[in-house]
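Q: Any chance you can model this:
(chains A, B, C and D, ligands or ions: 4)
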Amino acid sequence: MTVIKYSQAIRDAIAEEMRIDQNVFVMGQDVETMGGVFGCTKGILEEFGHDRIRNTPISEAVIIGAGVGGALTGTRMLVEMQYVDFILHAMDQTINQAAKVRYMTGGKATVPLIIRAQQGSGRGNGAQHSQNLEALFCHMPGLKVVMPSTPYDAKGLLKTAVRDNNPVLFFEHKVLYNTKGEVPDTDYTIPFGKADIKRSGKDVTVIATSWMVLKALEAAEILEKQGIDAEIIDPRTLVPLDKETIINSVKKTGRAVIVHEAHEVCGIGAEIAFIIMELAIDWLDAPIKRVTSAQAPIPYSSKLEKLTIPSVDRIIDAVKEVMYIK
Amino acid sequence: MTVIKYSQAIRDAIAEEMRIDQNVFVMGQDVETMGGVFGCTKGILEEFGHDRIRNTPISEAVIIGAGVGGALTGTRMLVEMQYVDFILHAMDQTINQAAKVRYMTGGKATVPLIIRAQQGSGRGNGAQHSQNLEALFCHMPGLKVVMPSTPYDAKGLLKTAVRDNNPVLFFEHKVLYNTKGEVPDTDYTIPFGKADIKRSGKDVTVIATSWMVLKALEAAEILEKQGIDAEIIDPRTLVPLDKETIINSVKKTGRAVIVHEAHEVCGIGAEIAFIIMELAIDWLDAPIKRVTSAQAPIPYSSKLEKLTIPSVDRIIDAVKEVMYIK
Amino acid sequence: MADNNSLLRIYEQMLRIRLFEQKAQELYVQGLVTGSMHIYTGQEAIAATAGELLRETDTITSTHRGHGHCIAKGGKTDKMMAELLGRKTGYCGGKGGSMHMADFTRGNLGANGMVGGGLAISVGAGITNAIIKKNDSVTVCFFGEGATNEGVFHESLNLAAIWKLPVIFLCENNLYQVFTSVAESMPVKDVSIRAISYGIPGITCDGNDVLELYDVLDSAIERARNGQGPTLIEAKTYRWEGHYTGDGYARGGYRSIEEIDLWKAKDPIARMAKYIIESAIADNELLEKIEAGLKDEIEKAVHFAMESPWPDDEDLYKDVFYEKEEV
Amino acid sequence: MADNNSLLRIYEQMLRIRLFEQKAQELYVQGLVTGSMHIYTGQEAIAATAGELLRETDTITSTHRGHGHCIAKGGKTDKMMAELLGRKTGYCGGKGGSMHMADFTRGNLGANGMVGGGLAISVGAGITNAIIKKNDSVTVCFFGEGATNEGVFHESLNLAAIWKLPVIFLCENNLYQVFTSVAESMPVKDVSIRAISYGIPGITCDGNDVLELYDVLDSAIERARNGQGPTLIEAKTYRWEGHYTGDGYARGGYRSIEEIDLWKAKDPIARMAKYIIESAIADNELLEKIEAGLKDEIEKAVHFAMESPWPDDEDLYKDVFYEKEEV
Ligand SMILES: Cc1ncc(C[n+]2csc(CCOP(=O)(O)OP(=O)(O)O)c2C)c(N)n1
Ligand SMILES: Cc1ncc(C[n+]2csc(CCOP(=O)(O)OP(=O)(O)O)c2C)c(N)n1
Ligand SMILES: [Mg+2]
Ligand SMILES: [Mg+2]
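A: Ligands and ions are numbered 1, 2, ... in the order given. This is a model prediction of the structure:
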């Protein structure tokens, strides 16, 4: 085990998979030069050369569209959207093409396409550079959706993503790039569809994604001091979703809070709540709560941005509400 | 009152609003010629001329993007996406620009942009021409979302949309264009955020959208013969959503089924279920059910397409389930 | 220069496409085909000539008007018919239909319901061939002139040009996009001029003339195989039928009957037949034999399709994902 | 030809922009500005000259590197500073920040965080002016050369050309897009050549030379006002600073120090000052007075911003929708 940054975990996963499989090709805006804007491709050009990693023009549609074409013809296309917000230029390629081509061809097409994108608020980037768009992709069948919260998860899940034969959306959080954590020194992968219980507890189940996992863990520490024992579940992949781990936890605690940074309406919180209601309603001791960003674009002003992002305090409040503690 | 087709109701709304307001401008692919592919702009060119309605090239991004620019400068931009599936080419313009510009400018910008789009399955058009994408737009703040199920609603809501000062997504269903219904002969509008109880009943609340309203009504007729009295609620606009009418109905019936044609995961069904759970859990006598298309792209083969679209039978089954009737 | 065998094969493919399309229209009118179907009749020379020049290992990307492309790349008419009828034996198991006809065994990466949908995909195929596999395979990307107004046209040609990818961008300019004319949608006369933006060759040619098409395509394909990068070819042509089957405005509505007649007089198949006879490449008898054989094939294809089973109920849920994970 | 008063005003605006940017950088380094901020230094001639030629009723669309555009269109530096600091008194009430600076009172339809985000918007403004209001207002659409690789560039110029809309597409080619050079991202030397695809004039000019810019912009604006349609102008220039404030690779990383020095020698402001003095349009004293006045203005702007209140908590939920429905 070595302690490394989340951004380095991503970099290492890319390098290791590129060593294993000559068919992995990386492209995106500025990925080749200076290790990319977030340092996630540092050293890749030097080790693998210009035929394995390339800068592209600012052309999101062809980045993802050529990703589909490369994948269809046997290349493992590992493409980068600098900010997930830019993928909105390439939704035809992502949703009409990548997600559907296997189905539309009756299983004849195989699409090993990985789209890495940085997302989230927390750095004062304003409405067009702070979005969390995972719900859009969860809604559309044919795409896997991954949201790692730790360096360990980031590396293991990215390696799985590169070996998967399906289009995978791999969402990295801008605030997490500089967080550190232990990562094994030897090859490992983390299966999709396996949630991680980041903290076990018996009183309440908190399901959180990406950066929100860290906030939920912080909240749990404080709650512990107040005698409340929260279980924190990180689904890690939203498609496929590990319903079992969530349901088992809720059956144990009888209470659930879902925390995500994306907007509330039609978000993953509503979906998980529905699943809990369907499969564990008889175990529920209180209505499920969700803690999300406001149903408004992300404001620039740091004061307002802080208000919209789910805070430790808001998580604590929600937990207390479902426990009927004032 | 006159009985007219849904497509004609749309056409009449456009013509009437263009007569009232010289600043309404229509553009889209093939809208000028032959009344458009679905006949919704028949006669508009003849009456208003080439400076009020124009064919565009096949360029979805600039259709919606210029829609934003025209709206920002005082034109009421009424743009058409032939099939909603094509809007995936213009998600930057729709979500990053149209939806956010008012907020990002602190309320300085005003965006009277109406995007009409035909959506839905039922005609064997396959995966790229049969989608229902409303959940994507409901998730992103800043967009109003309208889904009329009858000629009356279509006309009244479209007239409201054209007078609204916000970006409005107006989704017409391909299967509904030829359906007929009564429409007033004089000017009328239908406010956004006001659900319509298409059938009142006391045993179970069925919330359905667009084409599914017709299916739900069919189901209700059959259920009535079996002694089950279903209330059918058509929200008509999903943003804003009339929670009150839904909650009042559920408090009365104690049971809810949500029917939509869009995919299940993170769909509007999950959202409405969450709202019911939040506001009326104590009135619920059974877990809420949803009836949706399969979490798979829409298949071409008519046999499979029929299987995926929520059917009258599946609605009946769901109603019976929430009523614990075998 | 095309040799005689090539010309005969091209002739046969053109005719196969024409007869297939006629039959497909019949089936549509009978209600056996659903959705939108876009007929290729009138444009056959383009697909057939490209198909003749491509190897089996080369790839194509196709369009909503894609039956001709599929046949030209070696697609089987029986599996195509079955697909149109939504049967399990179709190329896509009935899940794709007319607009998603694909044949990966022959390098047809698929038709596309989205105008311009194949453009970026062809660039990706170019990456695989030129950068990853480093072979000399090429990709022909078919699209209509309408697709050249999509942003992705611009992005695709730009990237292919910078990376000198082996892609032949083959624009079939049939003068209309649904009901809209080229004049309304494009401020330039020739699509090929747009090549200048990418520093690549741009050529306009007669899309109804096999001999001209053959030479233009041949050299573009050679260029691509030799690592010299993409070419934009514009083949001027005309669709005889409506935009989609059922389009009631194509004759005398948005297109004049004179215009249609003018173009019908330029029928690429009749023209090729005449050339074949006049150049003594074959006699009438042989051409009739070819036609008879094709008619028989198409009838059998329909029979095959009609007798084929529907997809199973469970197929609805299959193929959303590749299932065996390789972790 | 620009008259002396124009040149002096342009000079003053260039200097105002430069001083604003210097101060903005200081505030960023102090942690008072968040997110990404893109500094315009080195490119001032372009915005300032365009601003001089536009009427108050004309509009512009701007970019992520938009402070200069906002000032040039008459934007107030105090409201801009307040916006950078996220305060309620800023142009967008603190909700927009650097990348969304807009001033509807002066026709600035807004900066944009999306590369190419203003392109289609400018086309829409053109529709309003030429088709709906039928006035002679024009729109200047600013964008970087990187934006010309976006699909929406193509779609926007195409539509503006077909409809002869009064839009001046003004590309500031500063040779880089973040860390990527023009040579890597574009297969042609000059952006202006891309005008050919739309049948409109395309002109490359020195973006650091006010006199040349003035003439080129003047005639393009006249053309647009007269209903002759859009022009694509490419102004070659250079950004002195990193792509964003904090970019540690801009000097000696992806750009050589020699290259930077070469371009600094072409400083548009020093050049203009020299011309003004040599042509006796003004003396050194006047220029110094202008500079002193501007420094004072910027200090006051900072003071205004720092003293301004933060947005109210409720502002988070406001302005999502226009509230008064007009039904
Ligand atoms: C992205 C997208 N926009 C619009 C359409 C609707 N549509 C289908 S075919 C077509 C016309 C295409 O014209 P062209 O590219 O010239 O091909 P042709 O039909 O003439 O063969 C249009 C607008 C679509 N399928 N996809
Ligand atoms: C759609 C989109 N893609 C990518 C980015 C990330 N990005 C921000 S600025 C920039 C470079 C823009 O280059 P150019 O247009 O030349 O403008 P410059 O920064 O040189 O002024 C990029 C890639 C973005 N903001 N939006
Ligand atoms: Mg065409
Ligand atoms: Mg640049």
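
Q: Does the strand or helix carrying C:Gly126 reach chain A?
A: For C:Gly126, the host element (DSSP states H and E) is helix C:117-127. Yes. Contact of helix C:117-127 with chain A (Cβ under 8 Å from any Cβ of the partner chain) involves C:Gly117, C:Leu119, C:Ala120, C:Ile121, C:Ser122, C:Val123, C:Gly124, C:Ala125, C:Gly126, C:Ile127. The C-beta positions use only the backbone N, C-alpha and C, and glycine is treated the same way.

Q: quick one: the residue nearest the centre of chain A from A:Ser210, how far?
A: Nearest to the geometric centre of chain A sits A:Met147, at 1.5 Å (Cα atoms, centre = their mean). Note on A:Met147: its distance to A:Ser210, by Cβ to Cβ, to the nearest Å, is 5 Å.

Q: shared neighbours, the two?
A: A:Phe171, A:His173 (Cβ atoms under 8 Å, 6 or more residues apart in numbering or on different chains).

Q: so how many other residues sit close to A:Gly227?
A: Neighbour count for A:Gly227, taken as other Cβ atoms under 10 Å in any protein chain shown: 8.

Q: in a helix, that's where it is, yeah?
A: No. Assessed by DSSP: H, G, I helix; E, B strand; the rest coil, A:Gly227 does not belong to a helix; its assignment is coil.

Q: who touches it in this structure?
A: So A:Gly227 contacts nothing (Cβ under 8 Å, 6+ apart).

Q: go with 10 Å
A: A:Asp203, A:Ile325 (Cβ atoms under 10 Å, 6 or more residues apart in numbering or on different chains).

Q: Can you show me the helices along the chain?
A: No chain in the question, so chain A it is. A:6-20, A:44-48, A:60-72, A:91, A:101-104, A:134-139, A:151-163, A:211-225, A:243-253, A:268-280, A:302-308, A:312-322 (DSSP state H).

Q: meant chain C, my bad for not saying
A: C:4-29, C:44-53, C:67-72, C:77-84, C:117-127, C:151-162, C:182-185, C:210-225, C:257-264, C:268-278, C:284-307.

Q: Tell me which of these sits nearest to C:Ile168.
A: Nearest to C:Ile168, of all the helices of chain C, is helix C:210-225, at 4.8 Å by Cβ to Cβ.

Q: Show the secondary-structure elements that the closest one is packed against.
A: Judged by 3 or more Cβ pairs under 10 Å, 6 or more residues apart in numbering or on different chains; DSSP states H and E, the packing partners of helix C:210-225 are helix C:4-29, helix C:44-53, strand C:139-144, strand C:167-173, strand C:202-206, strand C:231-236, helix C:268-278.

Q: The same query, at a cut-off of 6 Å, please.
A: helix C:44-53, strand C:202-206, strand C:231-236 (3 or more Cβ pairs under 6 Å, 6 or more residues apart in numbering or on different chains; DSSP states H and E).

Q: Double-check C:Val182 against C:Tyr176; I have them as touching.
A: No. C:Val182 is beyond contact range of C:Tyr176, at 7.3 Å (criterion: Cβ atoms under 6 Å).

Q: which of the helices and strands packed on helix C:210-225 sits most buried?
A: Greatest average neighbour count among the helices and strands packed on helix C:210-225 goes to helix C:44-53 (a mean of 28), per mean count of other Cβ atoms under 10 Å in any protein chain shown.

Q: how far is it from where the chain is centred?
A: 8 Å (Cα atoms, centre = their mean, to the nearest Å).

Q: and the angle from that helix to strand C:139-144?
A: Angle between the axes of helix C:44-53 and strand C:139-144 is 170 degrees (criterion: axes from the mean of the first three to the mean of the last three Cα atoms, to 10 degrees).

Q: Which other helices and strands does helix C:44-53 contact?
A: helix C:4-29, helix C:67-72, helix C:210-225.

Q: Now with 8 Å, please.
A: helix C:4-29, helix C:67-72, strand C:139-144, strand C:167-173, helix C:210-225, helix C:268-278 (3 or more Cβ pairs under 8 Å, 6 or more residues apart in numbering or on different chains; DSSP states H and E).

Q: how close does A:Asp187 sit to ligand 1?
A: From A:Asp187 across to ligand 1, the span is 43 Å (Cβ to the nearest ligand atom, to the nearest Å).

Q: remind me which residues of the chain are low pLDDT?
A: Went with chain A since none was named. Across chain A, nothing is flagged by pLDDT under 70.

Q: other chain: chain C
A: In chain C, residues with pLDDT under 70: C:325-327.

Q: how many other residues sit next to the residue in chain A that chain D sits nearest to?
A: For chain A, the residue closest to chain D is A:Gly124, as judged by Cβ to the nearest Cβ, at 2.4 Å. Using other Cβ under 10 Å, A:Gly124 has 22 other residues around it.

Q: List the contacts of C:Thr148.
A: So C:Thr148 contacts C:Cys171, C:Met186, C:Val191, C:Arg194 (Cβ under 8 Å, 6+ apart).

Q: Excluding chain neighbours, give the residue nearest to the residue of chain A closest to chain D in space.
A: For A:Gly124, ignoring the flanking residues on the chain, the nearest one in space by Cβ to Cβ, 6 or more residues apart in numbering or on different chains is D:Thr34 at 2.4 Å.

Q: cool, A:Asn55 as well?
A: A:Asn55 sits nearest to A:Glu32 (Cβ to Cβ, 6+ apart), 4.3 Å away.

Q: for ligand 3, what are the nearby residues on the stretch 1-150 of chain C?
A: Contacts of the stretch 1-150 of chain C with ligand 3, taken as Cβ under 5 Å from the ion, map to C:Gly144, C:Glu145, C:Gly146.

Q: Tell me the residues of the stretch 101-250 of chain C that contact chain B?
A: C:112-117, C:146-147, C:149-152, C:177-180, C:184-186, C:249.

Q: I'd guessed A:Gly156 sits against A:Thr189; true?
A: Yes. Counting by Cβ atoms under 8 Å, A:Thr189 is a contact partner of A:Gly156 at 5.4 Å.

Q: Which of the two has more residues huddled nearby?
A: Per other Cβ under 10 Å, whichever of A:Gly156 and A:Thr189 has more neighbours is A:Gly156, with 23 against 18.

Q: list the contacts for the more buried one?
A: A:Ala13, A:Tyr188, A:Thr189, A:Ile190.

Q: Beta-bridge partners for A:Val257, please?
A: A:Val206, A:Lys289 (DSSP bridges).

Q: That one - how many residues pack around it?
A: 29.

Q: Relative to A:Ile315, how far out is it?
A: Counting by Cβ to Cβ, the gap from A:Val257 to A:Ile315 is 7 Å.

Q: Please identify every residue contacting each of these two.
A: A:Val206, A:Val291.

Q: how about residue 193, what does it touch?
A: Picked chain A for this. A:Thr237, A:Pro240, A:Leu241, A:Asp242.

Q: should've been chain C
A: By Cβ under 8 Å, 6+ apart, the contact list for C:Ile193 reads C:Gly202, D:Ile196, D:Ser197.

Q: quick one on the thing from earlier: just among the contacts of A:Gly156, which is most surrounded?
A: Ranking the contacts of A:Gly156 using other Cβ under 10 Å puts A:Ala13 first, with 25 neighbours.
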